[in-house]
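> Sequence first, predicted model second:
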Amino acid sequence: MSNKKHIAILGSTGSIGTQTLNVVRRHPDLYEIEVLVAGSNADLLVEQALEFEPNMVVIADKSKYAAVSDALAKTDVKVFAGEESAIAAVEMEGVDIVVAAIVGFAGLRPTLRAIKAGKTIALANKETMVVAGAIVTAEARRCCASILPVDSEHSAIFQTLQGEMQNSIDKILLTASGGPLLGRKREQLENVSLDEVLRHPNWSMGRKVTIDSASLMNKGLEVIEAKWLFGVGTDRIEVLVHPQSIVHSMVQFEDGSIKAQLGTPTMETPIQYALSYPHRIESHIPRFSFWEHPELTFLRPDTDTFRCLPLAYNAIERGGNIPCVMNAANEVAVQRLIEGRLRFLEIADFVGEAMERATFIPQPTLEQLIECDAEVRKELMKK
């Protein structure tokens, strides 16, 4: 790895973005930041730009352009604003790897543009695959663009499959921490607070992902993502609740053998693996000790209480635009929970009703998916 890899980060001020910069900070001989794209956190974007001196930065919120531009006026960093600038930035000739870390449906268009430009994608935005997996995977094949998963579970599967590509997968065993509400029944969740929902025991993540983890929607999204990334039907993807978050996922092969990837629960490990692939490089992450964790347990998910997981299986079985509908409804529901306009247990009802009302499109185009997402959000805003 003699030459530096030049990196663009979509969502540089979020959880994955800041942890990616931690990896780059520790390996300046291997990586260089070319582009930083943020949503609205102008102050942190400026701070990152001053430290890493990228070629350009983009603030999606156009109202923050002046603040960013003024703060970087005495540097050589080019400043742009708006969604179109963010999308165009990933096509820059000097970019080798695009870290797709924008949360939600908003990450789809820039990720697709990066794929069309033939970039290597370090994919942390699972919604891209959930909403448009067929389109994204076909485009990646057409453009010879590599998609390297960053989610800890999908990275674990990807790592486990190294050297096994000629062998048939019998089953993917996708692990879930169970989130902060593990073990509680519906009657115990009637009045659960937002603070409790956001109190994840193992992972430090943004609010949206943490809420999805609590509802098991995050695992449902990951089931759909795994289907597209690894070409396995959802009937061969099994979710196991693993509260310790040490076994990040497993693959069972046709001879019955199971391979697993284990490690300390931190996103910096899968991020670093995506950036360094196919090599492994030195890491500061504390080494896992079996002596300190003598018990690793696995449970069946409680789908009677946490009904978002079966909703996701239902969405991908129905196919077409239904996963897009589910994702849009869930994003609206999560925002309403944050605003105090929806209770935790109402998320599954809210999403399920949207899926039932939706007009089915069996083989949607990208334009139809974009229209579907907008229409679902518009309709739900009336409720």
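Thanks, I have it.
> C-alpha only now, for contacts and for neighbours.
Will do.
> Flag the shaky bits of the chain, pLDDT-wise.
Within the chain, the stretches with pLDDT under 70 are 1-2, 203-204.
> Recalculate using a threshold of 50.
Flagging of the chain using pLDDT under 50 yields the residue ranges 1-2.
> hey, C-alpha coordinates of stretch 28-45 in CSV?
As requested, the backbone C-alpha atoms of stretch 28-45 are provided in CSV (Å, rounded to 0.1, in the frame of the first residue of the first chain):
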residue,chain,number,x,y,z
PRO,A,28,-1.8,9.8,7.4
ASP,A,29,0.7,7.8,5.4
LEU,A,30,-2.1,5.7,3.8
TYR,A,31,-5.1,8.1,3.4
GLU,A,32,-5.8,11.6,2.4
ILE,A,33,-9.1,13.4,2.6
GLU,A,34,-10.2,14.8,-0.8
VAL,A,35,-13.8,15.8,-0.1
LEU,A,36,-15.9,16.4,3.0
VAL,A,37,-19.7,16.6,2.7
ALA,A,38,-21.9,17.6,5.6
GLY,A,39,-25.6,18.3,6.1
SER,A,40,-26.0,21.3,8.3
ASN,A,41,-23.2,21.1,11.0
ALA,A,42,-21.2,24.0,9.7
ASP,A,43,-19.0,24.4,12.7
LEU,A,44,-17.8,20.8,12.8
LEU,A,45,-17.3,20.8,9.0
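> in it, what's buried?
Applying a neighbour-count criterion of 16 or more other CA atoms under 10 Å, one finds 30-42, 44-45 buried in stretch 28-45.
> Over to stretch 158-178?
Using 16+ other CA under 10 Å as the burial criterion, the residues of stretch 158-178 that qualify are 158-161, 169-178.
> As a markdown table, the residues you listed with distance to Phe344 would be great.
Written out in a markdown table, the entries for the buried residues of stretch 158-178 read as follows (distance: CA to CA, whole Å):
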| residue | distance to Phe344 |
| --- | --- |
| Phe158 | 33 |
| Gln159 | 35 |
| Thr160 | 35 |
| Leu161 | 37 |
| Ile169 | 36 |
| Asp170 | 35 |
| Lys171 | 32 |
| Ile172 | 29 |
| Leu173 | 27 |
| Leu174 | 24 |
| Thr175 | 22 |
| Ala176 | 19 |
| Ser177 | 18 |
| Gly178 | 15 |
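> As CSV, these with distance to His200 and secondary structure would be great.
Supplementary listing: the buried residues of stretch 158-178 in CSV, determined by distance: CA to CA, whole Å; DSSP: H, G, I helix; E, B strand; the rest coil:
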residue, distance to His200, secondary structure
Phe158, 25, helix
Gln159, 25, helix
Thr160, 26, helix
Leu161, 29, coil
Ile169, 32, strand
Asp170, 32, strand
Lys171, 28, strand
Ile172, 24, strand
Leu173, 22, strand
Leu174, 18, strand
Thr175, 15, strand
Ala176, 12, strand
Ser177, 9, coil
Gly178, 9, coil
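> out of the residues you listed, who's nearest Phe306?
Gly178 (9.8 Å; CA to CA).
> And the furthest pair within the buried residues of stretch 28-45?
In those, two members sit farther apart than any others by CA to CA. They are Leu30 and Ser40, at 28.9 Å.
> quick one: the helices in the stretch 101-250 of the chain?
In the stretch 101-250 of the chain, the segments counted as helices under DSSP state H, counting those that start in this stretch are 108-116, 126-143, 152-160, 194-197, 207-215, 217-230.
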